[in-house]
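>>> One predicted model, sequence on top.
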Amino acid sequence: QSSTVTLYGIASSDVVSVNNVVGAGGATKSQTRIDSGALSASRLGFRGKEDLGDGLSAIFTLEAGVNLDDGQTAMGRTFGRGAFVGLDGRFGTATVGRQWNLNDDLMCGFFICGGFAAFRYTEFDWLSDLTNNTVKYWSPSVGGLKVGALYSAGESTTSSNGGRTVEGALGYDAGPFSAGATIHEGKNADASRTDRLWSLGASYKLGAVKLRGAFANSKTESLSLPTATTWDAGADWAVAPQWRLSLDHVARNQKGTKNDSYFDRLIVVYQLSKRTDINANLVRMNNSGTASERFYGNGKAGVDQRVIALGMTHTF
Amino acid sequence: QSSTVTLYGIASSDVVSVNNVVGAGGATKSQTRIDSGALSASRLGFRGKEDLGDGLSAIFTLEAGVNLDDGQTAMGRTFGRGAFVGLDGRFGTATVGRQWNLNDDLMCGFFICGGFAAFRYTEFDWLSDLTNNTVKYWSPSVGGLKVGALYSAGESTTSSNGGRTVEGALGYDAGPFSAGATIHEGKNADASRTDRLWSLGASYKLGAVKLRGAFANSKTESLSLPTATTWDAGADWAVAPQWRLSLDHVARNQKGTKNDSYFDRLIVVYQLSKRTDINANLVRMNNSGTASERFYGNGKAGVDQRVIALGMTHTF
Amino acid sequence: QSSTVTLYGIASSDVVSVNNVVGAGGATKSQTRIDSGALSASRLGFRGKEDLGDGLSAIFTLEAGVNLDDGQTAMGRTFGRGAFVGLDGRFGTATVGRQWNLNDDLMCGFFICGGFAAFRYTEFDWLSDLTNNTVKYWSPSVGGLKVGALYSAGESTTSSNGGRTVEGALGYDAGPFSAGATIHEGKNADASRTDRLWSLGASYKLGAVKLRGAFANSKTESLSLPTATTWDAGADWAVAPQWRLSLDHVARNQKGTKNDSYFDRLIVVYQLSKRTDINANLVRMNNSGTASERFYGNGKAGVDQRVIALGMTHTF
């Protein structure tokens, strides 16, 4: 048999110090927390690939998100981080099931990802999300260019395209330069409201430093929110074989309001081995007007939040 | 050590077109769906066998049903498709835990199984079901004959045999001919009502064609339903090394009523390899009177349903 | 790569006869039950160790408790029996995540453990428990002595140390003699009440017999219970290569009341192989006054309970 099941995953945990956590009564407290994978979500996965000949392969993935702090699987389901089967070949890759969306596939090299990221802004969770009932296609790279398409069936009983999600993406690579663009459209259950998001990003590798920039625009009708934009300017620096730094400034602007928000994030990674590191996340979220964005707790207008997370990540 | 854990499973997903899906308000819609394993339920399992000498082995199975469309484990539990330990030897096989019932073990070669099958009729889910708190025994085959027995403890606190299930089965194999019979009896929680089901089936292999026939009779007191019968006449045809067809007619008759129902089902399988196929299910359910049988949505008297499912199944 | 993932577990199931099971209405019934792992909890685990050089290793564990009787994972979560990552080295072992507490680590060689044990007494569940959001440390053994420390973050939004658990432990080994002591302190959510437990235990190996003795004292403010003590006197006897017996007397005393309780427990194990056994648990719980301790069903003042469990345990 030309196939095997591969068992893989990440075990990651953090000691977190966070201030201004808003509780049920509206009071704010500082907290010491033991959390799961602030930088890299803990997970356990099973995947396989069978060679069918002529460059064609059958592929599958079952990946559980795991909360290392309480032993629960993440996202309220066993295989929250993906459950799909498909074919990979000269035509590209086509997969069916629960899957990461195109934004996550493509934009995480331009936007910073991992726990404290632009997708944590209310209007921008679609920058990195998973969709059920999904057919996804990525073309092969031709002259550095590749395209992606995603369709997620709404399976609504009230409207034929209620709950439906469609996405398109375009990626480009040329030596040290990479760029990407995506569009996303989602319908609510009765198809009366439409959410739209588009994003652009690029990165350039300059020796040991990678510069990143990204922008996204979101119109979230389903939550009756004004149009919002977010951008991220960042850099990754391979300081030494064992040391790596990332610094990002991420801003969110709700158009026609003063309720702006931004955060700065510094990541420090020290590799104990290729597969194991010790890392630190330093994040400060700033809210203006009635903006109540945060990483922990309930929302409260204008309240900022500072997070220090010291973690260990082991990949297996 | 003469033992290993084997990791195995099936990843299967379908694009489904179905009409007359009845929603909450009673309106019917056509739907395009992305579903999990219409023909073969997606699953992830762990099993092992330890040679204890003298032909005796310890065996165990933990098998999760997986919804590939949303990443949840099936049947509202992690190991829905079986969790048991037992002994296998010259005396037969005795296992303890959550297990498939004798009907599923024996009758799935006579009744057609996989998603759209006779067990989907209200009175006949026991044709293929799993039971908790179960001791199961299958004898070895002696002269082509084998017997099975199943006891599932009700663990009721209101009646000593409340919730209890008992089953018996008899199987026979002689060259191209196979036959089987089962009886099933289940009590509700306070043992005031008894459900009874019996079934008969046979198959005959004639070159590349296997003919199948099966019949079952059910008295479902716990749901106050009239006695009902179901029968299935079908054939499997190995058209070519890579092509396989199955055709079945399945009917359900509620005695003393006009509320009859039947469906026809065509399965087409094209093997990409021994372990990977592309398949199609074409099913049409016909309801008479107030019969409201269906594969998707709520029930509605006399509404028929047509299903076209195009899928891929990968076994690992 | 100097690491691998190890898949391991236990599949264990029992046929149990138990009397005086109190149901919802207060009536008592005898029950025949099919249960999961009375002596050794059924489980499925994934663990790994990566050599980082200089005696340092990265370690992780994801361990699911499995109810073999119904296929559900135990403790209402997928990885109920532990989900943690950490470092093991000359400094000792430090781990972060959901973990067994120090009492379970240390005292299970002195108290009898497995299903029917002192931790089943209302005031003594902390004798063997798992804590979320936990940093745990065990020192290396120096001259036979080792120390442990545990901190579990409460992550309360009402009080800075609400929900917090801290533990300390001291273990000693010298040839056939072992001893241990632990302290435990837990706060309720608003830190207004404190539960305290301390325990002592020792064992001595005398040829084929190991004698065990243990004592614990508990003040459970969070449940407004009087101070209680429990002790366990027991012995393990390796009768023959394949046969093993354990006999324990366990008593619980609620100070200032007549509501005492004790149970006697006999365990008989017959090894079919190193990894597979057949076993019997015989237990009798005796309640005085309004004590309503039991292993199955609801509580009822002064009602005793007798349990006979015949099981099979397979380790993989």
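Perfect, thanks for sending it.
>>> Tabulate the CA atom coordinates of stretch A:293-313 in CSV.
Output in CSV follows, covering the C-alpha atoms of stretch A:293-313 (Å, rounded to 0.1, in the frame of the first residue of the first chain):
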residue,chain,number,x,y,z
GLU,A,293,-12.2,45.3,21.4
ARG,A,294,-10.2,42.9,23.6
PHE,A,295,-8.6,39.4,23.8
TYR,A,296,-10.1,38.4,27.2
GLY,A,297,-13.4,39.1,29.0
ASN,A,298,-16.5,41.1,28.0
GLY,A,299,-16.4,44.4,26.1
LYS,A,300,-16.4,47.8,27.7
ALA,A,301,-16.2,51.1,25.8
GLY,A,302,-12.8,52.6,25.6
VAL,A,303,-11.1,50.1,27.9
ASP,A,304,-7.6,49.1,26.7
GLN,A,305,-5.9,45.7,27.4
ARG,A,306,-2.3,44.6,27.9
VAL,A,307,-1.4,40.9,27.5
ILE,A,308,1.9,39.2,28.4
ALA,A,309,2.0,35.5,27.5
LEU,A,310,5.0,33.3,28.2
GLY,A,311,4.6,29.9,26.4
MET,A,312,6.1,26.7,25.3
THR,A,313,5.2,25.1,21.9
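>>> Now do the buried residues in it.
For stretch A:293-313, burial by neighbour count (16 or more other C-beta atoms under 10 Å in any protein chain shown) applies to A:293-297, A:300, A:303-307, A:309-313. Yep, even glycine has a C-beta here, placed from its N, CA and C like the rest.
>>> Once you drop chain neighbours, what's closest to whichever residue of chain A sits closest to chain B?
Using C-beta to the nearest C-beta, A:Thr157 is the residue of chain A that sits closest to chain B, at 2.9 Å. Excluding the flanking residues, the one nearest A:Thr157 by C-beta to C-beta, 6 or more residues apart in numbering or on different chains is B:Gly23, at 2.9 Å.
>>> The one you found contacts B:Ser30, doesn't it?
No: B:Gly23 lies out of contact with B:Ser30 (C-beta atoms under 8 Å); the separation is 11.6 Å.
>>> Centre-most residue in chain A?
Taking C-alpha atoms, centre = their mean, the centroid of chain A lies closest to A:Ser128, which sits 3.3 Å from it.
>>> Report the buried residues of stretch A:112-127.
A:112-124, A:126-127.
>>> An error on my part: the question was meant for stretch A:49-67.
In stretch A:49-67, counting by 16+ other C-beta under 10 Å, buried: A:49-50, A:52, A:56-67.
>>> Could you identify the helix or strand that succeeds the lengthiest strand in chain A?
Longest strand in chain A, counting residues (DSSP state E): strand A:3-22. With elements assigned by DSSP states H and E, the helix or strand that comes after strand A:3-22 is strand A:28-36.
>>> Counting by contacts, list what the following helix or strand past that following strand packs against.
Per DSSP H and E, the first helix or strand lying C-terminal to strand A:28-36 is strand A:43-53. Contact here means 3 or more C-beta pairs under 8 Å, 6 or more residues apart in numbering or on different chains; DSSP states H and E; on that basis strand A:43-53 packs against strand A:3-22, strand A:56-65.
>>> With mean pLDDT added, can I get these in JSON lines?
Below are the helices and strands packed on strand A:43-53 laid out as JSON lines (pLDDT from 0 to 100):
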{"stretch": "strand A:3-22", "mean pLDDT": "93"}
{"stretch": "strand A:56-65", "mean pLDDT": "98"}
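>>> Nearest to chain C, out of those strands?
Judging the helices and strands packed on strand A:43-53 by C-beta to the nearest C-beta, what sits closest to chain C is strand A:3-22, at 3.6 Å.
>>> near chain C, which residues of the stretch 201-316 of chain A?
Contact residues (C-beta under 8 Å from any C-beta of the partner chain) of the stretch 201-316 of chain A with chain C: A:Leu272, A:Ser273, A:Arg275, A:Thr276, A:Gly297, A:Met312, A:Thr313, A:His314, A:Phe316.
>>> which pair in those residues spans the largest distance?
Using C-beta to C-beta, those reach their maximum pairwise distance at A:Ser273 and A:Gly297, which is 35.2 Å.
>>> re the thing from before, would you convert the helices and strands packed on strand A:43-53 into JSON lines that also reports distance to chain C?
JSON lines is the format used below for those (distance: least, C-beta to the nearest C-beta, whole Å):
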{"stretch": "strand A:3-22", "distance to chain C": "4"}
{"stretch": "strand A:56-65", "distance to chain C": "7"}
